[in-house]
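# I would like to see how this sequence folds:
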Amino acid sequence: PSFVVSALRDGGAPDHPGGLLQRIQIVKGWVDADDGFHQVVHDVAGGPNDADVDPGTCAPRGEGHESLCSVWTDPAFDPAQNAVYSVRVLENPSCRWTARQCLEFPAEARPPACSDPKIPTTIQERLWTSPIWYEASVG
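Got it, this is the predicted structure:
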């Protein structure tokens with residue numbers, strides 16, 4: 001099977017624009033003869049980049065994409081094996097809501113959670129499509 005994938009960045013709102021896109025991935029899953037589940041992730045457009053977030057302002061930094069598009073054909077397709085495919089689109093990292101809240105306080109008035117290293121300060125938004133199931137013919 002071949003898949004055409006395309007994504008546009010979220011326009012967001014005037015005071016909170018959507019993030020740039022980092023990559024599109026196709027996630028393939030299948031069950032082997034011993035009922036073991038397997039999964040493989042293929043980057044099909046875009047890819048890893050050096051984008052990050054300024055922790056002092058929550059401003060995004062680095063390159064990304066307004067849109068991504070690609071055609072991908074499964075190189076390991078086996079017509080005798082059931083499989084499931086889904087598409088995942090990743091934005092560049094952005095500030096987590098708790099980090100934005102912490103920046104609203106003066107540094108000396110921030111609660112202890114604002115400096116807790118166990119609480120993430122960034123997130124990476126994702127979009128998932130519904131799965132596409134391939135059912136092998138029973139002959």
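
# closest to the centroid, which residue in the chain?
Nearest to the mean C-alpha position of the chain, counting by C-alpha atoms, centre = their mean, stands Leu90 at 2.5 Å.

# what about the residue lying closest to it once chain neighbours are set aside, how many neighbours?
Nearest residue to Leu90, sequence neighbours excluded (C-beta to C-beta, 6 or more residues apart in numbering): Gln22, at 4.7 Å. Placement of C-beta: from N, CA and C, glycine included. Burial of Gln22 is recorded as 26 neighbouring residues (other C-beta atoms under 10 Å).

# please report how far Gln22 lies from Trp30.
Taking C-beta to C-beta, to the nearest Å as the measure, Gln22 falls 26 Å from Trp30.

# let's verify Glu108: helix, strand, or coil?
Following DSSP: H, G, I helix; E, B strand; the rest coil, the label given to Glu108 is helix.

# now do the same for it: its pLDDT.
Note for Glu108: predicted pLDDT of 94.

# give me the low-pLDDT residue ranges for this protein?
138-139 (pLDDT under 70).

# so where do the helices sit in it?
In the chain, the helices defined using DSSP state H lie at 97-103.

# which stretches of it form strands?
2-8, 21-31, 37-46, 52-53, 60-61, 67-73, 83-91, 94-95, 122-123, 126-128, 132-134 (DSSP state E).

# helices or strands up against the second one?
Judged by 3 or more C-beta pairs under 8 Å, 6 or more residues apart in numbering; DSSP states H and E, strand 21-31 is in contact with strand 2-8, strand 37-46, strand 67-73, strand 83-91.

# who's Ser94 bridged to?
Ile123 (DSSP bridges).

# in stretch 50-57, what's buried?
In terms of neighbour count (16 or more other C-beta atoms under 10 Å), stretch 50-57 has its buried residues at 51, 53.

# can I get that stretch as PDB, trimmed to CA atoms?
C-alpha atoms of stretch 50-57 as PDB (Å, rounded to 0.1, in the frame of the first residue of the first chain):
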ATOM      1  CA  ASP A  50      16.800  21.700  16.800                       C
ATOM      2  CA  ALA A  51      13.500  23.500  17.700                       C
ATOM      3  CA  ASP A  52      13.000  24.200  21.300                       C
ATOM      4  CA  VAL A  53      11.400  26.800  23.700                       C
ATOM      5  CA  ASP A  54      12.900  29.700  25.500                       C
ATOM      6  CA  PRO A  55      12.200  28.800  29.200                       C
ATOM      7  CA  GLY A  56      12.200  32.500  30.300                       C
ATOM      8  CA  THR A  57       9.600  33.600  27.800                       C
END
